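Participant: No sequence on hand, only this structure:
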């Protein structure tokens, strides 16, 4: 993956629906190219293929011949050429196959069920044979268990072709109370039955009414591969051209961000005041696409990393590579916040004009960016300082030696040591460190700073002064599939650093725990060392209210940190330091996705645990439903990562 | 496994609780042997060990010395001899270790939580070191997540020792409405968090009041390893001796059947009108044990097979072994029902004194038991018959040749063939087959009899005339653990034949589908063969009402069959043919156990599917809660065994 080199928004593929009544595919294909359409959604068969439902003929005992015809078709006949609309491989690279809408896999009539399944499989087999990239399947009726089963049995054998399930945002006939989540619930049941199969995606159909924003938000946790835009959802502007409402525009642009394929569906009942044919709709969508806001610096940085599961760094156990330092040193925000923090700490600690030298120790100095910032802060504050740079990575230490020789000179003393075992020649006024991970303490900042505390003066300052960890329940079909792809338990018990894109946060984040430095209550022996690490264990239970039905795939983690007084850094979504890209959020998966009904309560239990060699997290959830004064338990997950069996951070 | 050779009920192990205040273990051990006690439940430590909770000392900054003491204990000190009640390996083979009740792993005070965990682990590590077979842990408080986590982290490292969790049947303080399932729900949450670990079992504590029978029933699906019998639940009989109520007696005897360890808990407040000490309670329990009803023939047959997962037979694809025929031929009921069926069919079909010869074909004759029964029926009915015996197993066919030569003579014609491909010399009046499996059609009786139908006269009779398949939702921690032990998906997608013991059926069985023979609607070609097998596919949705909260582990399957008119065989629990042992029920596991709240509805979807080479089943469940007029979905399981990927029956 390479960072995006330009800031242009991605150009989305655009296609239209074709009817089997119109011209043949060759003509349509040539037309489409002329009209600047990228692909076509075409029926696989002609309407006459429906005769194989045999739905008129209930009593076969009266018509043996017909029964023979059916049986020999069921046995596996070839298509007759007349049955097919999609006849050959020509233009197949431009086509998405549309499966016949008359298939009825959950009919109460067993014959229709069986014949529908055979017909659907025959159509999809043909589409696969032609090498189509996708087939579009009709929206599932209520309780479409047999439909889901039939599709699941196909998913496993598809080589190249993907399945798009057509899902409208809102169902016309649905009852008022639950109208906004009915189609999501139907999708959720369908894909749950299909085991979250990676080849099953959504073709989301926009509707005239849009649900509330937080319901729209829910769809971004789902695998949307296509967006169907019916022409009847457009308004007509003063000049007679089709336009979308502001709310539709915003939603469409977010869908363009995730590079969905857009399909214009030319409904008969489009506003007849509108000027022009399908092309005006197409031009409008292209216009929306072109005029999307440019990518921000952070977005550019993240391009290609979205929803990609990365194992968190283990800078204590492993030595970071030069390129890793290089990347993070480019953060435009983080180091300027550190400089501000050191600057204000110096101002507060030392009187103006005092010639007292402040001892600053940068612990875990890496290649030295914080050392440089400390020097700059001192210069600006006009306070004399002496800086120690302590680093345990022998490779980074080479750079530190270079920096001292060529840039810093005598103001900086460098020491090659693990801060927990360093024999400091004097005590520090200020200790500066950048040991935070996406979950705050997950790169063992607490343990390292416990060790460094022995050379901090009693009234000394630690920058950062604290860090608070936050969690939020997350829905993300994509992240679940990514973890599931490994087909083992360990990957469901490992936290990942992830740039979230196809995710839905199901409730606002809540704080789980905090660490403060220096730790005034720290118990140490005569050498200043701790005997055990139990004081750094944590346990927290958080209760989230889930307003609308949703599926929970995992827990998102963030941190906020006070560097000094009001100078903070944060990756909490509501307080995120703008432009800071050093940390993506962290993601803790759940082994089994959990369905949360609307109005349920979700309790999340989180532990930070430790033994003499490692630190690890464990997590589990339970959910319940509040019915009046009564709370009905709906179940408890297993404990994840018991005893650190799947993931841990080495001390 | 060998069938039980005698019919005596098993002798249950009996033990008592010991106090750390009383004599030492050596004295207690010698006493116990004299008194005929099999084991002792003894505290691992003395009460003074509680000082390590340090619960009085909240502010350690005021007492550095105490803090050091705590830290060095936390680091992992050895027990001092005075802290231990259980001091050495002597008598350890008689001891179950009792973990201190003062441990408080879910205290709001973090110090107490951390120290409780260390103390509990220290006690259990010592018990394991001594090689105790089990340790008894106190009943978990409400929301005991940290307790469960701590125990789970130990379970994985126990070599030999098992953990028994003390669970009272009814909680004194519990609120009325949900009183009967509170303790089960707490157990369920605890063991769910512990991933149904095989080393975690229940020590069920009897209470003065017993819950309703269907709640008691629920416990038999759980891993009960011990039963605690407090002396205060006893009544005093006219002679002044302790006795249990009828309901308690019945429950205790069922618990004795599953060979639980019984522990008498001598509560202070036992009826003081009662004569004698602990020994009278002990004698009473021994008496209940001795006077249990003898094992029935079926129970003797099943001994050793309880809850053991067997793969169903595949008699069509594989050739059965002689010993398998031998076992099933001994069934005292099945063949007599077949004889009755043939007898009545002959009486109905042929007028008395008619000299017309009835042609009977035994298809799948095996070693010939049905042939013998047909001959006996004809003799009794006084009707002339001619019997064909068709068998495709070359080994069984040797026996058939022997039988013809030595016993049957000219009345019987034998043919070596698969019935589906046999070229019959004439047509049959009656076809007799025994092709049923535990799920009715799961040994492919429908497909075999479709093939045989071509040589049945138009008005001919099939024995059996039909078979109906039934299912019921099942809770069984044991069966779940058995399937989980394989640590793969395939074993959760395979049906097993099982003699149920540690199971709870959560609702009455319901029928899912039926097959009838001959199949009047069968469509065949000119040679009498079917073109496809789609007419033998089935799909059914059943809705079960779950009255009290429960955990669902899988689906039980049974069958009922009409052999002829009112002559039936059945393994449906409510209509089971008494004494018939040829079929155990079938069990379809679920990959993830599902918690069902009280008053929920469970929908079970079942499919029988087929292609040209095989037949298989797929299944899934969904559950929902009815709140007034509103139905709230609580989730859907995945589809099991999609496309027959894990289990199938070869055609």
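Facilitator: Cool, got the structure. Everything numeric in this text was worked out from a predicted model, so none of it was measured. Numbering: from 1, shown residues only, chains lettered A, B, ... in the order given.

Participant: Could you double-check that residue A:198 sits in contact with residue A:483?
Facilitator: No. When contacts are counted by Cβ atoms under 8 Å, residue A:198 is not listed as touching residue A:483 (11.8 Å). From N, CA and C alone the C-beta is placed, and that goes for glycine too.

Participant: the more surrounded of the two?
Facilitator: Using other Cβ atoms under 10 Å in any protein chain shown as the criterion, residue A:198 and residue A:483 rank with residue A:483 on top: 23 against 15.

Participant: List the contacts of that one.
Facilitator: With contact set as Cβ atoms under 8 Å, 6 or more residues apart in numbering or on different chains, residue A:483 has these partners: A:309, A:491, A:492, A:494, A:496, A:589.

Participant: Which residues are in contact with the third one?
Facilitator: So the one you mean is residue A:492. Taking Cβ under 8 Å, 6+ apart as the definition of contact, the neighbours of residue A:492 are A:483, A:484, A:589, A:590, A:591, A:640, A:646.

Participant: and the residues you listed, which of them are in strands?
Facilitator: In strands, defined here by DSSP state E, the members of the contacts of residue A:492 are A:589, A:590, A:591.

Participant: Quick check: residue A:343 is in a strand.
Facilitator: No. The assignment for residue A:343, made by DSSP: H, G, I helix; E, B strand; the rest coil, is helix rather than a strand.

Participant: Just give the closest residue to it, not the sequence neighbours.
Facilitator: In space, residue A:343 comes closest to residue A:377 once its chain neighbours are excluded; the distance is 4.0 Å by Cβ to Cβ, 6 or more residues apart in numbering or on different chains.

Participant: so who does the one you found touch?
Facilitator: Taking Cβ under 8 Å, 6+ apart as the criterion, residue A:377 is in contact with A:339, A:340, A:342, A:343, A:346.

Participant: buried ones in whatever helix or strand it lives in?
Facilitator: Per DSSP states H and E, residue A:377 falls inside helix A:369-381. Along helix A:369-381, these residues count as buried under the neighbour rule (16 or more other Cβ atoms under 10 Å in any protein chain shown): A:369, A:370, A:371, A:372, A:373, A:374, A:375, A:377, A:378, A:381.

Participant: For that helix, give the mean pLDDT please.
Facilitator: In this model, helix A:369-381 has an average pLDDT of 97.

Participant: Give me every residue in the stretch 501-650 of chain A lying close to chain B.
Facilitator: Among all residues of the stretch 501-650 of chain A, those adjacent to chain B (criterion: Cβ under 8 Å from any Cβ of the partner chain) are A:520-521, A:523, A:525, A:530-532, A:534, A:537, A:539, A:541, A:549, A:592, A:594-595, A:597-598, A:605, A:607, A:618, A:620, A:622, A:625, A:627, A:632-639, A:642-643, A:645.

Participant: So which of those residues are in strands?
Facilitator: Among these, the members falling in strands are A:539, A:541, A:592, A:594-595, A:605, A:607, A:618, A:620, A:622, A:625, A:627, A:632-636 (criterion: DSSP E).

Participant: From chain B, how far off is residue A:135?
Facilitator: Between residue A:135 and chain B the distance, using Cβ to the nearest Cβ, to the nearest Å, works out to 18 Å.

Participant: residue ranges of the helices in the stretch 51-200 of chain A, please?
Facilitator: Here the stretch 51-200 of chain A has its helices, by DSSP state H, counting those that start in this stretch, at A:64-74, A:110-129, A:145-155, A:182-193.

Participant: can you redo those helices as CSV with mean pLDDT?
Facilitator: As requested, the helices of the stretch 51-200 of chain A are arranged in CSV below (pLDDT from 0 to 100):
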stretch, mean pLDDT
helix A:64-74, 86
helix A:110-129, 95
helix A:145-155, 96
helix A:182-193, 93
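
Participant: need these in JSON lines with mean neighbour count, can you?
Facilitator: Compiled in JSON lines, the helices of the stretch 51-200 of chain A are given as follows (neighbours: other Cβ atoms under 10 Å in any protein chain shown):
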{"stretch": "helix A:64-74", "mean neighbour count": "16"}
{"stretch": "helix A:110-129", "mean neighbour count": "20"}
{"stretch": "helix A:145-155", "mean neighbour count": "23"}
{"stretch": "helix A:182-193", "mean neighbour count": "22"}
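
Participant: Okay, and the beta partners of the closest residue to residue A:438 other than its chain neighbours?
Facilitator: With sequence-adjacent residues excluded and distances taken as Cβ to Cβ, 6+ apart, residue A:438 is closest to residue A:586, at 3.9 Å. Counting by DSSP bridges, residue A:586 forms beta bridges with residue A:497, residue A:557.

Participant: Which pLDDT value goes with residue A:586?
Facilitator: Here, the pLDDT recorded for residue A:586 equals 97.

Participant: How about the contacts made by it?
Facilitator: Under the contact definition (Cβ under 8 Å, 6+ apart), the residues listed for residue A:586 are A:312, A:437, A:438, A:439, A:442, A:495, A:496, A:497, A:498, A:556, A:557, A:558.

Participant: Can you give me the distance of it to chain B?
Facilitator: Shown here: residue A:586 relative to chain B, a distance of 20 Å by Cβ to the nearest Cβ.

Participant: Can I get the buried part of the ones in strands among the residues of the stretch 501-650 of chain A next to chain B as one ChimeraX selection?
Facilitator: Of these, the buried ones go into a single ChimeraX selection, burial set by 16+ other Cβ under 10 Å:
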select /A:539,592,594,595,605,607,618,620,622,625,632,633,634,635,636
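
Participant: got the end-to-end distance for stretch A:489-504?
Facilitator: 24 Å (Cα to Cα, to the nearest Å).

Participant: and it, average pLDDT?
Facilitator: 95.

Participant: can you list contacts of whichever helix or strand residue A:28 is part of?
Facilitator: Under the assignment given by DSSP H and E, the secondary-structure element containing residue A:28 is helix A:25-35. Contact partners of helix A:25-35, identified using Cβ under 8 Å, 6+ apart, comprise A:15-16, A:18, A:22-23, A:38-40, A:42, A:85-87, A:90-91, A:94-95, A:279, A:282.

Participant: Separate out the buried members of these.
Facilitator: Among those, the ones that count as buried (16+ other Cβ under 10 Å) are A:15-16, A:18, A:39-40, A:42, A:85-87, A:91, A:94-95, A:282.
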